[in-house]
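A.B. asks: Sequence plus predicted model, see below.
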Amino acid sequence: MSFITRKLTGLVLALCVTGSAISAQTSVNLTLAEARALARQALFAGDSALALDLARAVLSQVPDDRASLIIVAAAAPQQGDTAAGRRAGARAFALSQTNEHRYEAARLTALAAAEEDRFTLATYWLRRALIVAPDDAERAQTRADGNVIRRLNPWSFDLSASLVPSSNVNGGAAGGVAAAPGTPTGSLSDSAQALAGWRGTLGLGATYRLQESATRRTLIGTQYQGARIRITDAANVPDEALATDEITVNLRHDRALGSGSIGAQLSYAMVDYRDLDNVTLATEVQKFDVWRLDIDRRLPIGDRSDISLMAGRSWTSYDQALISDVVRTTFGAAYGYGLQNRDQIHASISYADATGGNANYTSTEWTAQISYSRADPIGPLSLNLSGGASKADFPDYSIGPFVVAGGRQDRTLFYGATIGFPDVSYAGFTPVLNIAGSHTDSNVTRFTRDNLSAGITIKSEF
């Protein structure tokens, strides 16, 4: 006997007459097709209990009946059984043969997961829905839902990856001559000169919202950032000499005030890097730890602008006794202005003072920067432009036993562009093209350098 001709008997049905539901206690015989159709009608009429009973009766005969699984996915959460709805939606997704059906199942599964307060799982299913969304309107709605879920979720996760070609992957000097006022002239090693290559990075992060109310919020998080280098220039420098790994843990608290907000963050970072022996070309893993405390205050000015004030202090401890400890104090101010077309202009200035056990790590630095962000894309591209300048002074700098007369002074100009591709997306991830360049003039030639890099980074939309 085929599934279509099987009979379902003994069902208690609510019959719909002229749009009004009335109850009738009766036993009827229904084919599977009739039961599916009546379950769908009951669901659309708002009778989720009847729809659920009918769908489950069909599934008792045909466990993988996709149409009935969809009805359970929609109706079960309305009856308080969100787990059953989520499981039915996931099974319906696996059985779907078209993108339209997959989209329907993924959306229902995400909704059921969200109603269970399983927001991370809901985000996963929304990403699957984005892959098969039938049109721009549905994609926009799913992205909007993803942002709502992100705000509700006490957990947030970040993933980034990039592969960037660079003219200076090691921060090396522009030339091979080692010269500075008051010191003998010599030559720089390969590792001290600019080397072209590729820089690959991987970033992972997780943040948990410990507490949130209308006026305050506390977050704790951890991040990992790793970088690996492939040198393309011919040089006696192994790739592993430029590898770095950083793990950070931070605790942040923000509070809304009568005007603006105030925030504070305490963080700890552990950084591994490589120390290269230029004779043997052997590398040794070295480490430094950084404790940092930052406080920031934001003050709105009118409807479209604001001022931010920042102060921070960090304590860096190196394993290498030659470097010892460095204490760095930073102050800064920023101004943001929103144009009538919703474009944003942001300008900032900062001052940093560092004091180290090694005089080469004692310095002062001024930095000024301005950026411009377009609110609306230019054709298929979003755009952010930035540029700035910095001035650093090391009053007691020395090279080996020789003291640099007048100290070391660096002057840097830098610029960057971030170009997004909002129309190019997969599972809620979009590519971003980052272009960055800088030029530094220094009276110590080891630090006169140029750098230009461009690469793609993957960014999450929610």
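C.D. replies: On my side now, so go ahead.

A.B. asks: Contacts only, for R56.
C.D. replies: S68, V72 (Cβ atoms under 8 Å, 6 or more residues apart in numbering). Glycine gets a C-beta too; all of them are placed from N, C-alpha and C.

A.B. asks: give me the low-pLDDT residue ranges for the stretch 251-400 of the chain?
C.D. replies: For the stretch 251-400 of the chain, not a single residue meets the criterion pLDDT under 70.

A.B. asks: swap the cut-off to 90 and go again
C.D. replies: Applying pLDDT under 90 to the stretch 251-400 of the chain picks out residues 258, 274-284, 302-304, 319-324, 357, 379, 400.

A.B. asks: Spatially, and excluding backbone neighbours, which residue is closest to R91.
C.D. replies: With sequence-adjacent residues excluded and distances taken as Cβ to Cβ, 6 or more residues apart in numbering, R91 is closest to L69, at 5.4 Å.

A.B. asks: following the helix or strand hosting the one you found, which helix or strand comes up?
C.D. replies: L69 is part of helix 66-78, with elements assigned from DSSP states H and E. Going down the chain from helix 66-78, the next helix or strand is helix 82-95, by DSSP H and E.

A.B. asks: Just the mean pLDDT for that following helix, thanks.
C.D. replies: Across helix 82-95, the average pLDDT comes to 95.

A.B. asks: residues making contact with that helix?
C.D. replies: Under Cβ under 8 Å, 6+ apart, the answer for helix 82-95 is 64, 66, 69-70, 72-77, 101-102, 104-106, 108-109, 111-113, 115-116, 118, 121, 125, 128.

A.B. asks: what comes up buried for it?
C.D. replies: T82, A84, G85, R86, R87, A88, G89, A90, R91, A92, F93, L95 (16 or more other Cβ atoms under 10 Å).

A.B. asks: cool, stretch 357-376 as well?
C.D. replies: Neighbour-count burial for stretch 357-376, with 16+ other Cβ under 10 Å as criterion, is recorded at N358, Y361, T362, S363, E365, T367, Q369, S371, S373, R374.

A.B. asks: what two of those residues are the furthest from one another?
C.D. replies: Spatial extent of the buried residues of stretch 357-376 (Cβ to Cβ) is set by the pair N358 and R374 at 44.5 Å.

A.B. asks: helix or strand for T201, which one?
C.D. replies: Assigned by DSSP H and E, T201 falls within strand 197-212.

A.B. asks: Going by contacts, tell me the helices and strands next to that strand.
C.D. replies: The contact analysis (3 or more Cβ pairs under 8 Å, 6 or more residues apart in numbering; DSSP states H and E) places strand 197-212 against strand 155-166, strand 216-231.

A.B. asks: mind listing what's buried in the longest one?
C.D. replies: The neighbour-count criterion (16+ other Cβ under 10 Å) identifies R217, L219, G221, Q223, Q225, A227, R228, I229, I231 as the buried residues of strand 216-231.

A.B. asks: now the shortest one
C.D. replies: With burial defined by 16+ other Cβ under 10 Å, the residues of strand 155-166 counted as buried are S156, S160, S162, V164, S166.

A.B. asks: quick one: L257 and S348, what's the gap?
C.D. replies: Between L257 and S348 the distance, using Cβ to Cβ, to the nearest Å, works out to 21 Å.
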